[in-house]
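Q: below are the sequence and a predicted model; questions follow.
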Amino acid sequence: MNTAIVTHSNGLKGTIQIPGDKSISHRAVMFGAIAEGTTTVEGFLPGEDCLSTIACFRKLGVSIEQQGEKVTIEGRGWEGLTEPREILDVGNSGTTTRLMLGILATRPFHSVVIGDDSIAKRPMARVTNPLREMGSIIDGRENGNYTPLSIRGGQTQGIAYQSKVASAQVKSAILLAGLQSSGVTSVSEPALSRDHTERMLEAYGVTVRREGLTVSVEGGQSLTAQHIVVPGDISSAAFFLVAAAIVPDSEITLEGVGLNPTRSGIIDVLENMGATMSIHNERLAGGEPLADITISTSMLKGIEIGGDLIPRLIDEIPIIAVLATQAEGKTVIRDAEELKVKETNRIDTVVSELKKLGATITATDDGMIIEGRKSLKGSAVSSFGDHRIGMAMAIAGLITDGDVSIDRSDAIAVSYPSFFEHIKSLQQNQ
Ligand SMILES: O=C(O)C1=C[C@@H](OP(=O)(O)O)[C@@H](O)[C@H](O)C1
Ligand SMILES: C=C(OP(=O)(O)O)C(=O)O
């Protein structure tokens with residue numbers, strides 16, 4: 001466990017290239033593993049979560065070579081996956097757990113899935129129940145709601161599933177199982193969650209039907225190997241968008257930021273709060289839109305955030321809370337109960353750690369209320385092993401009067417191994 005110390009910044013200047021999108025990197029590897037032929041991935045995120053995905057699929061018999069941001073996957077189709085001799089360890093990654101269960105649900109062999117202490121607390125019934133309904137045999141702690149889980153896939157039938165939560169992990173797990181099930185499988189969700197699975201399956205040659213909030217696939221479909229270019233992760237970019245907006249005398253450019261509309265809620269929030277920001281050089285990579293973003297120190301005002309916007313920025317709420325401490329007036333975040341089942345209960349961890357820095361913030365049942373504009377002070381805080389809490393606290397440390405020390409800062413490598421290097425490079429350009 002290491003502790004990082006962040007000191008006050010006099011301004012951030014310069015340009016950084018945003019590392020690969022975590023959601024897209026996971027999918028590029030998993031879909032390459034079940035596709036026929038050699039898939040190559042460029043711009044892969046070598047974060048711990050995506051490395052867990054590679055490790056699991058190697059144990060499932062797939063040959064995968066990874067060097068930094070380049071990955072080569074030798075897919076031999078669905079049949080190329082073989083019964084693992086060892087336990088599949090997903091580490092800290094919910095995406096690996098849930099999407100891999102969807103793939104294993106139709107494979108005629110037995111696997112055991114475990115992860116770290118955080119994964120052991122995250123609800124899995126949201127995928128194990130529908131996958132059981134489709135015909136796969138799954139058991140696990142508390143009747144299959146928590147790891148360790150065991151799964152024996154086999155002959156499965158398509159279902160029409162109405163999900164209670166707007167979750168791309170639930171949607172993806174069921175659709176992946178549907179690809180090798182009889183008949184049609186459809187998933188309807190209460191609000192649109194990220195659609196990387198739909199986009200990438202299409203790129204791999206699968207027919208995906210989308211109608212409003214329902215996505216469906218027909219069974220018996222195979223995937224064809226591809227070359228995938230991964231755009232930068234907007235969830236990683238969010239930390240630096242907020243840093244530049246709140247640190248006085250800043251102006252930075254973030255290159256190659258993925259701007260998929262199902263992920264770009266943070267841009268709406270910054271615009272509505274009044275941030276000084278411009279989006280340029282818009283382009284496409286692998287069916288996903290991306291652009292460069294320039295942002296500078298901004299006068300911000302508090303806003304209300306809720307409804308359909310929440311799934312479009314769910315992972316950005318910890319850093320949006322930091323942003324709101326520097327906005328004039330009140331910011332209310334509602335409809336975000338899903339925060340309670342992430343790497344930590346992010347309502348509790350954001351509120352407790354920001355209070356230590358002197359923020360006026362109150363937890364609610366489905367979000368939080370932040371009163372700005374507040375000067376923050378240095379303090380010892382913890383990431384609690386949650387990468388996004390660690391990074392949110394580090395960015396807050398750039399504006400505190402006094403140092404912020406962050407316990408368990410090693411968690412940041414889960415999604416952004418070069419985070420502290422990027423902070424340093426923007427400081428050095430002063
Ligand atoms: O599908 C994905 O890649 C993800 C979906 C989201 O989770 P849910 O599906 O639980 O909403 C998000 O919070 C997570 O970081 C990544
Ligand atoms: C919730 C997250 O990821 P996962 O669900 O894959 O652990 C995240 O990255 O914030």
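A: Received the coordinates, thanks. Ligands and ions are numbered 1, 2, ... in the order given.
Q: please report how far Val215 lies from Lys13.
A: For Val215, the distance to Lys13 equals 43 Å [C-beta to C-beta, to the nearest Å]. All C-beta atoms are positioned from the backbone trio N, CA, C, and that covers glycine.
Q: neighbour-wise, which of the two wins?
A: The neighbour count for Val215 versus Lys13, taken as other C-beta atoms under 10 Å, is higher for Val215 (24 against 18).
Q: show me what contacts the more buried one?
A: Taking C-beta atoms under 8 Å, 6 or more residues apart in numbering, we find Val215 in contact with 171, 175, 186-187, 195, 198, 208-209.
Q: of these, grab the buried ones for PyMOL.
A: Command for PyMOL, covering only those of the contacts of Val215 found buried under the criterion 16 or more other C-beta atoms under 10 Å:
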select buried, resi 171+175+186+187+195+198+208
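Q: could you break this structure into its assigned domains?
A: Annotated domains of the chain cover 4-20+231-428, 22-229 [automatic domain parsing].
Q: and those as JSON lines, adding distance to ligand 1?
A: Output for those, formatted as JSON lines (distance: least, C-beta to the nearest ligand atom, whole Å):
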{"stretch": "domain 4-20+231-428", "distance to ligand 1": "5"}
{"stretch": "domain 22-229", "distance to ligand 1": "3"}
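Q: need those domains in TSV with mean pLDDT, can you?
A: TSV is the format used below for the domains of the chain (pLDDT from 0 to 100):
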stretch	mean pLDDT
domain 4-20+231-428	98
domain 22-229	98
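Q: that older thread, intersect the contacts of Val215 with the contacts of ligand 2.
A: When contact is defined as C-beta under 6 Å from any ligand atom, those do not meet ligand 2 at all.
Q: who in the stretch 1-150 of the chain is up against ligand 2?
A: 49, 93-95.
Q: save those residues as a markdown table, and put in neighbour count too.
A: Formatted as a markdown table, those follow (neighbours: other C-beta atoms under 10 Å):
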| residue | neighbour count |
| --- | --- |
| Asp49 | 23 |
| Ser93 | 28 |
| Gly94 | 20 |
| Thr95 | 22 |
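Q: any idea how far ligand 2 is from the closest residue to Asp410 other than its chain neighbours?
A: Excluding the flanking residues, the one nearest Asp410 by C-beta to C-beta, 6 or more residues apart in numbering is Asn2, at 5.2 Å. Here the distance between Asn2 and ligand 2 works out to 20 Å (C-beta to the nearest ligand atom, to the nearest Å).
Q: neighbours of the residue nearest to Leu357 when sequence neighbours are not counted, how many?
A: Closest residue in space to Leu357, ignoring its immediate chain neighbours: Leu376 at 4.4 Å, by C-beta to C-beta, 6+ apart. Neighbour count for Leu376, taken as other C-beta under 10 Å: 22.
Q: the nearest residue to Ile137 once chain neighbours are set aside: neighbour count?
A: Closest residue to Ile137 in three dimensions, ignoring its sequence neighbours and counting by C-beta to C-beta, 6+ apart: Arg152, at 4.4 Å. Residues lying near Arg152 (other C-beta under 10 Å) number 16.
Q: check contacts around Arg152.
A: Neighbouring residues of Arg152 by C-beta under 8 Å, 6+ apart: 108-111, 136-138.
Q: give me the buried entries from those residues.
A: 111, 136, 138.
Q: could you dump those residues to CSV with secondary structure and distance to Glu69?
A: Converted to CSV, the buried ones among the contacts of Arg152 look like this (DSSP: H, G, I helix; E, B strand; the rest coil; distance: C-beta to C-beta, whole Å):
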residue, secondary structure, distance to Glu69
Ser111, strand, 28
Ser136, coil, 34
Ile138, strand, 34
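Q: residues from the stretch 301-430 of the chain in reach of ligand 2?
A: Residues of the stretch 301-430 of the chain lying near ligand 2 (C-beta under 6 Å from any ligand atom): 315, 342-343, 388, 415.
Q: hmm, which two among the residues you listed are most spread apart?
A: Lys342 and Ser415 (12.0 Å; C-beta to C-beta).
Q: which neighbours do those two have in common?
A: Shared contacts of Lys342 and Ser415, counting by C-beta under 8 Å, 6+ apart, come down to Arg388.
Q: the two: which has the busier surroundings?
A: Counted by other C-beta under 10 Å, Lys342 and Ser415 do not tie: Ser415 has more neighbours, with 27 against 20.
Q: I figured the more buried one was touching Ser235, is that so?
A: Yes: Ser415 lies in contact with Ser235 (C-beta atoms under 8 Å); the separation is 7.2 Å.
Q: what touches both of those two?
A: In contact with both Ser415 and Ser235: 22, 388, using C-beta under 8 Å, 6+ apart.
Q: checking the nearest residue to Tyr416 once chain neighbours are set aside next. Helix, strand or coil?
A: Spatial nearest neighbour of Tyr416, excluding adjacent residues (C-beta to C-beta, 6+ apart): Ser236 at 4.9 Å. Taken by DSSP: H, G, I helix; E, B strand; the rest coil, the conformation at Ser236 corresponds to helix.
Q: isn't Ser236 up against Val414?
A: No: using C-beta under 8 Å, Ser236 is not in contact with Val414; the gap is 11.1 Å.
Q: in three-state terms, label Arg194 for me.
A: Taking three-state DSSP as the rule, one finds Arg194 in the coil state.
Q: which residues does it contact?
A: 23, 168, 260, 262-263, 311.
Q: most neighbours out of those residues, which is it?
A: So for the contacts of Arg194 (other C-beta under 10 Å), the most neighbours sit at Arg263, 31 neighbours.
Q: next up, phi/psi of it, please.
A: Arg263 adopts backbone torsions of phi -120, psi -10, taken as degrees, to the nearest 10.
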